[in-house]
Each structure stands twice: as C-alpha cells, then as structure tokens.
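# Could you look at this predicted model? Sequence included:
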Amino acid sequence: MGETTPGALASGKANWVPVGNASWCGRDSAGETVYDGKLWIFGGWISSHVPALQDVWTSADGMTWTEVQPEAPWAHSDLPMSITFKNRMWMMGGYDLGRLPNATASNLVWSSTDGVEWTNEGPAGWSPRLAAGIVEHDGKMWVLGGLERYLDGTPQHLRNDVWYSEDGQKWIQATSDAGWAPRAFHNALSYNGRIYIFGGGNYQPQPQEFNDVWSSSDGVNWRKETSEAPWLPRIWASAVVYRDKMWLLGGYTLKDGKGNLNDVWTSTDGATWTQASFDVIWGPRHEMSAYVQDDKIWIMGGFDGKELHNDVWSLHLP
C-alpha cells in the first residue's frame, strides 16, 4: 500500500489564486494543452443530449481569452486525448454526441499549428476510443487504454493496450495487455524517464474506480508501484508534472459517498504520496482542464455535479 505523508505544501505560503472567469462557456471533459507559450482549450462537454463543442480558445495569461475557431472540423471533443508534440497541437479520439443513441468514439487524429486550421492525419491503428491516457515519452506520443465505443451496437469495452507514434500517422502497438486492469478516465504522465498511469476505471454499467499506480520505461514492461495509493480511488481526475513532482488534482469517487473532490496529492515515485493543504482552493469538481505554464499550475472549468464551470485558478509555489 502507498504511504501518505502528513502536512502539506506550506499552508498559508502557497495558495490557489482565483484568476477570474473565462469568456468561454462552462464545460468539462475538454481537450487542453500548452502551445506557443499559451493555454489552449478545445471543445468539451456541456450536456449528454447535444453534440460536443467544437470551439478553440487560447490565452497567454488565463484572464483574457480569444476564440480562434468557433467550429473546428473535429466533432469528437468530449473526453478526447490532446497534447503538444513536435511543434504542433494534437487532438485525437474522443466522444461526439453525449448519451444520444448514435453517439460514437473516434480514432481520428488531428493536428494544428494555430488552432484555426486542422489537418486530418487519418485514423490511428488503435480502435475508436475516449478517455485514454496520452503522454509524450522518448520522443513519441503514447496512447494508453481508454473506452471503446462503436456505432454498430458493439458493447463498450475498456482497454489496457498501449500504442505509440513518432508522427501521428503511423501507430505501433507496444502491447495489447499492459498488465494493469483495463480502464478509462485515468491519468498518465511521463516523469523521470518513465510513463506512469494511475486511477481511473469506469462509471457504467457498473462503477469501478482504482487507486493503483503503475510505471514503465518502454510502454511494454509495467511495474506496479502501489496497489492502493492513500488517495481515494477515482475517475475523471487531472494530473500534471510540476516542480519535479507528479500532481493529482480532484476528480470523482463513489468511495465513502464522497462524490466530487478537490484534494491535491504529490509524489516523486508513484508509491509514496503527500497530500497538500491550502487555505484557498477551487471547489470540488471533476474533468477540469489542468496545465503547467509560466511556472504555475492552472486549472479551469470542470463539473461539480450541478454546475459547469468556466473559472480559472493558478498555483505558484514560492
């Protein structure tokens, strides 16, 4: 079992700063990345009964936002995989129509250098899916696990396969079974020469939530760092690497009836985790967008079960 360290990140010395409300509408499950020194947000979910959003917004400071594209050509922007890689922004996978009967997942890969024009790089070798992990590691993009969904009525299927690509067009399967339980809505980070995956699970038809942590240097051979981290098992959390640590932020759990979360945890090895405490922090929520830019962690948007948010918060450690 993972260990927890009491205390925190100097409560009172470092706190979350409310930057303000963005000019884009409240949403969760959006694509997000840092590119060209700016924060970017792509599409996202506003309802299970309408198509996912197709807008693209950017900001240099988290306060002033510019809509560069109101209707991008990709449609699957609910729980997509997004990343900056080789001087381009990438959007792939995702879900398009909420819970409507004709909703599908995608395996299309899109890239852009300006957020306005998007290039369809073609379908990936991995199956159509949403809510997979994505990282840049060893000069490649990696997609890990996720939830398959097809239009033909094939049952949804959780995956634990691992794929990589050096150009976004040709994808190679590193392994069909990584050893960790198949899952979606999890977190993946590249840290200290290893890929880490943690948390996740599924929410239907049977809820399933994990708090295990696994790592790999090559995407093929996986090592269990802990079967039970000290944080509650959860889906829909956010994660970043900041100040030489992995950070886990918020999410959603059914454990102990908790629901939406706003706890923050850090680790340098995936096995031992420290809970950070703050005097000021954003409210409990899940599927918010998280970034590291300008030596700060940024979080924005997300859903608290009642309200979709468009607020922006930042954290800078002294």
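That came in fine, so what should we check first?
# L189 is in contact with V241, correct?
Yes: under the criterion of C-beta atoms under 8 Å, V241 lies in contact with L189, with a separation of 5.5 Å. Using the backbone N, CA and C atoms, a C-beta is placed for each residue, glycine as well.
# More neighbours: which of the two?
L189 (22 against 16; other C-beta atoms under 10 Å).
# In the sheet, which residues pair with that one? Tell me.
Y196 (DSSP bridges).
# Enumerate every residue touching G26.
Taking C-beta atoms under 8 Å, 6 or more residues apart in numbering, we find G26 in contact with I46, G301, E307, L308, H309, N310.
# just N211 next, same as before
So N211 contacts F198, G199, E228, A229, W231, L232, P233, R234 (C-beta under 8 Å, 6+ apart).
# so T253 touches L261, yeah?
Yes: if you go by C-beta under 8 Å, T253 and L261 touch, sitting 6.3 Å apart.
# Compare neighbour counts for these two and give me the winner.
Shown here are T253 and L261; by other C-beta under 10 Å, T253 has more neighbours (24 against 21).
# Any figure for the gap between the closest residue in space to N87 that isn't next to it in sequence and W90?
Distances taken as C-beta to C-beta, 6 or more residues apart in numbering put T113 closest to N87, at 7.1 Å, once the chain neighbours are dropped. Counting by C-beta to C-beta, to the nearest Å, the gap from T113 to W90 is 11 Å.
# So for the two, which sits in the more crowded spot?
W90 (26 against 13).
# re the thing from before, so which of the contacts of N211 wins on neighbours?
F198 (31 neighbours).
# how much space between that residue and N310?
Following C-beta to C-beta, the distance that separates F198 from N310 is 27 Å.
# do the same with G43
With distances taken as C-beta to C-beta, G43 is found 14 Å from N310.
# Mind listing the shared neighbours of these two?
R27.
# more neighbours, those two?
G43 (28 against 18).
# now the residue lying closest to P182 once chain neighbours are set aside: how far from Q208?
Excluding the flanking residues, the one nearest P182 by C-beta to C-beta, 6+ apart is L158, at 3.7 Å. Plainly put, L158 is 8 Å away from Q208 if you go by C-beta to C-beta.
# cool, and G168?
Distance from G168 to Q208, by C-beta to C-beta: 31 Å.
# mind listing what T33 touches?
With the criterion set at C-beta under 8 Å, 6+ apart, T33 makes contact with W40, S82, I83, T84, M89, W90, Y291.
# buried subset of the residues you listed?
Neighbour-count burial within the contacts of T33 applies to W40, S82, I83, M89, W90, Y291; the criterion is 16 or more other C-beta atoms under 10 Å.
# from those, which two are the most distant?
Taking C-beta to C-beta as the measure, those span a maximum distance of 15.2 Å, between W90 and Y291.
# didn't I46 look like it was pressed against W24?
No: in this structure I46 lies outside contact range of W24 using C-beta under 8 Å: 10.6 Å.
# tell me what the host helix or strand of M89 is packed against?
Taking DSSP states H and E as the criterion, M89 maps to strand 88-92. For strand 88-92, the elements it packs on are strand 31-35, strand 81-85, strand 108-112, judged by 3 or more C-beta pairs under 8 Å, 6 or more residues apart in numbering; DSSP states H and E.
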